[in-house]
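>>> How does the following fold in three dimensions:
(one chain, ligands or ions: 2)
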Amino acid sequence: MAQTPVKVTVTGAAGQIGYALLFRIASGQLLGADVPVKLSLLEIPQAVKAAEGTAMELDDCAFPLLSGIEVTDDANAAFDGTSVALLVGARPRTKGMERGDLLQANGGIFGPQGKAINDNAADDIRVLVVGNPANTNALIAQQHAPDVPAERFTAMTRLDHNRALSQLAAKLQVPVGEIKKMTIWGNHSATQYPDLFHAEVGGKIAAELVDEAWLRDTFIPTVAKRGAAIIEARGASSAASAANAAIDHVFDWVNGAEWTSAAIPSDGSYGVPEGLISSFPVVSRDGKWEIVQGLEIDAFSRERIDATVRELEEERSAVRELGLI
Ligand SMILES: NC(=O)c1ccc[n+]([C@@H]2O[C@H](COP(=O)([O-])OP(=O)(O)OC[C@H]3O[C@@H](n4cnc5c(N)ncnc54)[C@H](O)[C@@H]3O)[C@@H](O)[C@H]2O)c1
Ligand SMILES: O=C(O)C[C@H](O)C(=O)O
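Numbering: from 1, shown residues only. Ligands and ions are numbered 1, 2, ... in the order given. All right, here's what the predicted structure looks like:
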């Protein structure tokens, strides 16, 4: 018997990430090449027409796995029965802004969407927040969804992870696939900490294969500030690479994965206060993210993990003050 289609909701469907994401979902890259999907596109009223245009194009691809598309500006309808929610819809930053500057502008979107997920989504709902500031927006959505298990709310640091892989591969002149155990810690922001002390290349610790000055003064800032560099170069924030990372995150979450990075609710591991949605080294087992345990954290890494976690705590305090949680 044919499998029942899985409903996937994408917010901000008429935006640039949406345009890079939807066709890949419909082609089977999000959940697997044998899993039929039903797409729900949520937009603000002014952008519904544009989203309908994207839906027409999706139709025109005649994807065998795409069993239906709905376009709506009603969050309750968009999340009704959904199993995967990709919360992309939010304003991107422009030149000169930090992602934290978007807290007030975008924070207001995620409470109501969290509530709509709580009230309407399927029991197996998984949420990935892409819209910035992603970690804290995920926290806001989660806090409005008390009936959904907290660990189903995650935020995207897979783009940072992929950027770190690519920068290191170029430095060492090795294929990306030879690098294992890369980790992004903390916030999807300029304070994030891409960690080479646990990453391995050909069985050797990556930090020992590069000089410390490159690691400290080139690698870490290049990865952490790559979003701003893309905005500077394109005049718009990253879209195709962000969509690609969202696909990687959800595919791995559903289908299992070895060591990667994802922002998930902290259980207190590595001194990250419980409940903050922070990036960790994770594996995916039986449809759940698990934090890799037992890593030695030296003083260099400790200082950087503490700094990015401090920023997450400050963002949480700021959204509390704004009454968003
Ligand atoms: N986490 C990451 O790694 C990462 C990477 C790239 C971009 N981003 C973020 O993703 C977000 C989207 O980026 P983009 O380039 O697609 O922006 P965009 O401006 O092209 O598209 C955003 C879309 O969201 C829609 N939208 C706004 N409010 C909405 C709401 N309440 N409900 C539904 N839709 C809504 C807008 O109408 C628009 O179509 C931005 O916040 C950006 O900073 C995150
Ligand atoms: O940097 C941004 O504002 C967009 C996105 O978060 C990115 O990392 O490319």
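>>> what residues does the stretch 101-250 of the chain put near ligand 1?
For the stretch 101-250 of the chain, the contact set with ligand 1 under Cβ under 6 Å from any ligand atom comprises 109, 130-132, 134, 156, 159, 188, 237-239, 242. Every C-beta, even on glycine, is put in place using the N, C-alpha and C of the backbone.
>>> who's in contact with the residue lying closest to residue 166 once chain neighbours are set aside?
Distance criterion Cβ to Cβ, 6 or more residues apart in numbering; nearest residue to residue 166, sequence neighbours excluded, is residue 176 at 6.3 Å. Each residue near residue 176 by Cβ atoms under 8 Å, 6 or more residues apart in numbering is listed here: 165-166, 169.
>>> again, only using 10 Å
162, 165-166, 168-170, 182 (Cβ atoms under 10 Å, 6 or more residues apart in numbering).
>>> JSON lines please, covering those residues and showing pLDDT and secondary structure.
Below are these laid out as JSON lines (pLDDT from 0 to 100; DSSP: H, G, I helix; E, B strand; the rest coil):
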{"residue": "162", "pLDDT": "99", "secondary structure": "helix"}
{"residue": "165", "pLDDT": "99", "secondary structure": "helix"}
{"residue": "166", "pLDDT": "98", "secondary structure": "helix"}
{"residue": "168", "pLDDT": "98", "secondary structure": "helix"}
{"residue": "169", "pLDDT": "98", "secondary structure": "helix"}
{"residue": "170", "pLDDT": "98", "secondary structure": "helix"}
{"residue": "182", "pLDDT": "98", "secondary structure": "coil"}
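>>> hmm, which two among these are most spread apart?
Largest separation among these by Cβ to Cβ: 170 and 182, giving 13.8 Å.
>>> and the residue nearest to residue 166, how far is that from residue 59?
Noted for residue 176: a distance of 35 Å to residue 59, by Cβ to Cβ, to the nearest Å.
>>> what does residue 197 give?
49 Å.
>>> Same check on residue 37?
Note on residue 37: its distance to residue 59, by Cβ to Cβ, is 14 Å.
>>> which one of these two has more residues nearby?
Neighbour comparison, residue 37 and residue 59: the larger count goes to residue 37, with 23 against 12 (by other Cβ atoms under 10 Å).
>>> And residue 170 and residue 182? Which one has more around it.
Between residue 170 and residue 182, counting by other Cβ under 10 Å, residue 182 is the more crowded of the two (26 against 10).
>>> Phi, psi for the closest residue to residue 134 other than its chain neighbours please.
Computed as Cβ to Cβ, 6+ apart, the closest residue to residue 134 that is not its neighbour in sequence is residue 155, at 4.0 Å. Note on residue 155: backbone dihedrals following degrees, to the nearest 10 are phi -130, psi 160.
>>> Give me the mean pLDDT for stretch 254-267.
Averaged over stretch 254-267, pLDDT sits at 98.
>>> Whether it contacts ligand 1 - can you check?
No - Stretch 254-267 does not reach ligand 1 (Cβ under 6 Å from any ligand atom); its nearest approach is 8.7 Å.
>>> can you give me how far that stretch is from the chain middle?
In terms of Cα atoms, centre = their mean, to the nearest Å, the centre of stretch 254-267 is found 11 Å from the chain centre.
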